[in-house]
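K.L.:
fold the stuff below for me.
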Amino acid sequence: VFRLNLFRGEFLSPIATALKGVNSIAENSTHGLIALAGEDGNLECYDPRNAKRVAYLRVAESLARVNTRAANEVKEARALTAVQFGSALSMGVGTASG
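P.N.:
I've put the predicted structure just below:
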C-alpha cells in the first residue's frame with residue numbers, strides 16, 4: 001500500500017501487507033492507526049509512524065468458531081469488504097456474506 005505525504009509532495013515508505021488483496025482501508029482520527037480489510041478474511045492494523053504491523057486478526061476464522069452458520073458462510077465468502085473506526089477503541093468490520 002503506497003503512502004503519499006501531500007504536504008511535502010513525496011512518497012513515504014510503503015506498507016508491506018501479507019493480505020492477498022485489500023478491499024477497504026480506514027484510519028482512526030484519534031491516534032492514526034490504519035486498518036486494512038483483506039480479501040482473504042483477515043484484518044491488519046499498522047502504526048503510520050513507522051509503517052509496521054501492530055495487529056493481525058483472522059476475522060473469517062473467528063466467525064467460523066462462533067457458530068456453524070457462520071462457518072458455512074465463511075467457506076463461501078471469506079472476504080472482508082468494509083472496515084470503519086467508531087471511536088479510538090472501537091472498530092467495525094463487514095464481510096462479503098453480511
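
K.L.:
and the helices in the protein, which stretches?
P.N.:
Taking DSSP state H to define them, one finds helices in the chain at 59-66, 68-76.

K.L.:
count residues in the vicinity of the nearest residue to Gly41 once chain neighbours are set aside, would you?
P.N.:
Distance criterion C-beta to C-beta, 6 or more residues apart in numbering; nearest residue to Gly41, sequence neighbours excluded, is Ala60 at 2.7 Å. For glycine as for every other residue, the C-beta is placed from the backbone atoms N, C-alpha and C. If you count neighbours by other C-beta atoms under 10 Å, Ala60 ends up with 25.

K.L.:
wouldn't Ala60 be in contact with Gly38 here?
P.N.:
No. The pair Ala60 / Gly38 is not scored as a contact, 9.2 Å apart, by C-beta atoms under 8 Å.

K.L.:
what about Arg65, distance to Arg78?
P.N.:
The gap separating Arg65 from Arg78 is 14 Å, by C-beta to C-beta, to the nearest Å.

K.L.:
now swap in Ala64 and tell me
P.N.:
9 Å.

K.L.:
ranking helices and strands of this protein by mean pLDDT, which lands last?
P.N.:
One helix or strand of the chain scores below all others by mean pLDDT, DSSP states H and E: helix 68-76, with a mean of 59.
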